[in-house]
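Participant: Task: produce atomic coordinates for the following.
(2 chains)
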Protein chains: 2
Amino acid sequence: MSPIITAFERSPDGGKGLARDMRVRWALEEVGQPYEVRLVSFSAMKEPAHLALHPFGQIPTYEEGDLALFETGAIILHIAERHPGLLPKDANARARAIMWMFAALNTVEPPILDLAIALIVERGEPWAKDRLPLVMDRVRTRLSELSHCLGDAEWLDGAFSAGDLMMVSVLLRLRPSGLLDEFPNLAAYVARGEARPAYERAFAAQRAVFTVSSVG
Amino acid sequence: MSPIITAFERSPDGGKGLARDMRVRWALEEVGQPYEVRLVSFSAMKEPAHLALHPFGQIPTYEEGDLALFETGAIILHIAERHPGLLPKDANARARAIMWMFAALNTVEPPILDLAIALIVERGEPWAKDRLPLVMDRVRTRLSELSHCLGDAEWLDGAFSAGDLMMVSVLLRLRPSGLLDEFPNLAAYVARGEARPAYERAFAAQRAVFTVSSVG
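Facilitator: Numbering: from 1, shown residues only, chains lettered A, B, ... in the order given. Next up is the predicted model:
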C-alpha cells in the first residue's frame, strides 16, 4: 500500500514548488516509491481531524499503515532509512548526510524563514524597509559560510544525499530575493538539484495540483 | 576512546545551560557515555581549524575516531542510534521520537530564536518595542499548539526520548521571557526534564566550566 501525504489544496506559492510537500514528493521520487496525495484546505488544516495528524496544523503529513508522521525532516529521514538512494551505506558518511539535513533545517532555514516573514507578514509594518537590510545580511552570512564549505564540489559530501535534497529545498525559497545569485556556486548547486529527474517529476506533480485546482 | 565535544570557553549565558553543548552533554549523560570537552574562544570559532569542523563557526562539534559532526540534532541522533536510552525499540515509536526532534528544531525553535534576536540583537533598534509583541505572539502560537498536543502527558510520546530532550532544551530558552509560564503544562514538562539526573549532571558540568573560567 502506497503512503499517503498531504499537500495544500491551493498552495500559496501558486505551484512554484516552494510548499513543503515538494520536499517529500522529491524524496519519494528519488527512491522510486509511489504515493498518494490528499489535498487539505486552509480551514481543514486547523480542524481536529488534521490536527490529530499534525499538531501544528501544517502540511505535509505522511501516513503509512499504522505510522503517521509530520515534520518534513522526519518524513524524509524515514523514507531514506527504508529505501536505497538517499543515504550512503558507510556509517560515517550516513551520519554526515543526516548532519546536512539538520544543518539545512536548523541553521540555514531559520534566517530564510525570517526573510519570508519580513517580506510578507511584516511588509506593511512601519519598520519593514529599515529592518530588511539586517534580515538580508543574516541570510548572507549563512550563505557565505555554506558557499565556502561547498567550494566547487557537486554536492555537500560526496554523492547526492537527503542532506542535499533538504539544503537545495531550503535554498530554493531564496530565489525571488536575488540573494542566491550573489553566490554563484550555490545557485549552480540549486540548479543541479532542480535538474534531477526525480525533482522534475515531483515538481510536475505538485504543479498539476495547482493547474487543476485553479481551473475549478 | 571517549568522544570529544566543543563548548564555549566563556558561554554568553554565564553558565545557565542555554548554550547548545548542554544538549549534547545531556544526551551523553542519559546514555552513560563519558566524553571530553575542548573549550573554544569566540575568535578561535571563526578560525580555519574550527571552521574545518564546523563550517558555520559555532559550537558544539563532536569527534569520535574518524567521524566529525556538527549540528546538535545530528550529534544527538548519532548518540541515540548507538546507545540505548534515547530512542524506543519499536520502529514506529522510534520514527515519532525523531519526528519530535525535528519538530523542536524546525517548528518550535525558529520563533524562539526570533525572540532572542528581537530581545538581544535588535534591542537598540527604533522598532524594537513596537515589534516585540508580534514576535512574542508567534512564539505563543507554537506554544499553544504544543501545549494542546502534550495535554497532561508526562512526555510527548510515551517514554522520555531524544525528542523530549530536544524539545525541553528548546523551550528552556524561553524561561527569561516569562512566556513558558503562560502554559503551565509546558512549564511542568520542562521542569520534569531539568529534574532528570542526567540533566543535572550535564548542567553541573557546563556550569563548572563557567565557574572556573570566570575566576581566571
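
Participant: Sketch out the low-pLDDT regions of chain A for me.
Facilitator: Within chain A, the ranges that satisfy pLDDT under 70 run A:212-216.

Participant: ok, longest helix in it?
Facilitator: helix A:128-150 (DSSP state H).

Participant: Counting by contacts, list what that one packs against.
Facilitator: In terms of contacts (3 or more CB pairs under 8 Å, 6 or more residues apart in numbering or on different chains; DSSP states H and E), helix A:128-150 is packed against helix A:109-116, helix A:184-194. Heads up, the C-betas are built off the backbone N, CA and C, glycines and all.

Participant: out of those helices, deepest packed?
Facilitator: The highest mean neighbour count among the helices and strands packed on helix A:128-150, using mean count of other CB atoms under 10 Å in any protein chain shown, belongs to helix A:109-116: a mean of 21.

Participant: other SSEs contacting that helix?
Facilitator: Counting by 3+ CB pairs under 8 Å, 6+ apart, helix A:109-116 packs on helix A:128-150, helix A:162-172, helix B:109-116.

Participant: and the first one, how far out from the chain's middle?
Facilitator: A distance of 19 Å separates the centroid of the chain from that of helix A:128-150, by CA atoms, centre = their mean, to the nearest Å.

Participant: Residues in contact with it: which ones?
Facilitator: Helix A:128-150 is contacted from outside by A:107-108, A:111-112, A:114-115, A:118-119, A:122, A:156, A:167, A:174, A:177, A:179-180, A:182-183, A:185-186, A:189, B:51, B:55-57, B:122, B:125-127, B:131, using CB atoms under 8 Å, 6 or more residues apart in numbering or on different chains.

Participant: show me the contacts for the residue of chain A most remote from its centre.
Facilitator: What lies farthest from the middle of chain A is A:Pro126; by CA atoms, centre = their mean that is 30.7 Å. Contacts here follow CB under 8 Å, 6+ apart; on that basis A:Pro126 touches B:Trp127, B:Asp130.

Participant: Pretty sure it sits in a strand.
Facilitator: No. Read with DSSP: H, G, I helix; E, B strand; the rest coil, A:Pro126 is coil and lies in no strand.

Participant: Need the phi and psi values for it.
Facilitator: Here is the backbone geometry of A:Pro126 (degrees, to the nearest 10): phi -60, psi -20.

Participant: Likewise for A:Glu64?
Facilitator: phi -150, psi 100.

Participant: gap between it and chain B?
Facilitator: 9 Å (CB to the nearest CB, to the nearest Å).

Participant: same deal with A:Ile120?
Facilitator: 13 Å.

Participant: domains for chain A, by residue range?
Facilitator: Split into domains by automatic domain parsing, chain A comes to A:4-85+A:198-215, A:91-196.

Participant: Turn those into a markdown table, including distance to B:Arg25.
Facilitator: Below are the domains of chain A laid out as a markdown table (distance: least, CB to CB, whole Å):
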| stretch | distance to B:Arg25 |
| --- | --- |
| domain A:4-85+A:198-215 | 23 |
| domain A:91-196 | 18 |
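
Participant: how about those, which one is nearest B:Ser11?
Facilitator: Of all these, it is domain A:91-196 that lies closest to B:Ser11, at 18.9 Å by CB to CB.

Participant: Report the distance from that closest one to the chain centre.
Facilitator: Distance, centroid of domain A:91-196 to centroid of chain: 10 Å (CA atoms, centre = their mean).

Participant: what does stretch A:195-203 give?
Facilitator: Using CA atoms, centre = their mean, the offset of stretch A:195-203 from its chain centre is 13 Å.

Participant: Send me that stretch as CSV with only the CA atoms.
Facilitator: Extracted in CSV, the C-alpha atoms of stretch A:195-203 (Å, rounded to 0.1, in the frame of the first residue of the first chain):
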residue,chain,number,x,y,z
ALA,A,195,17.8,19.2,-12.9
ARG,A,196,17.5,15.8,-11.3
PRO,A,197,14.8,13.7,-13.0
ALA,A,198,13.2,12.9,-9.6
TYR,A,199,13.0,16.7,-8.8
GLU,A,200,11.4,17.3,-12.2
ARG,A,201,8.8,14.6,-11.7
ALA,A,202,7.9,15.9,-8.2
PHE,A,203,7.7,19.5,-9.4
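
Participant: quick one: contacts of that stretch?
Facilitator: A:Gly17, A:Met22, A:Arg25, A:Trp26, A:Leu28, A:Glu29, A:Glu30, A:Phe160, A:Gly193, A:Glu194.

Participant: In PyMOL, how would I select just the buried ones from those residues?
Facilitator: Provided next is the PyMOL selection string for whichever of the contacts of stretch A:195-203 are buried by 16 or more other CB atoms under 10 Å in any protein chain shown:
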select buried, chain A and resi 17+22+25+26+28+29+30+160+193
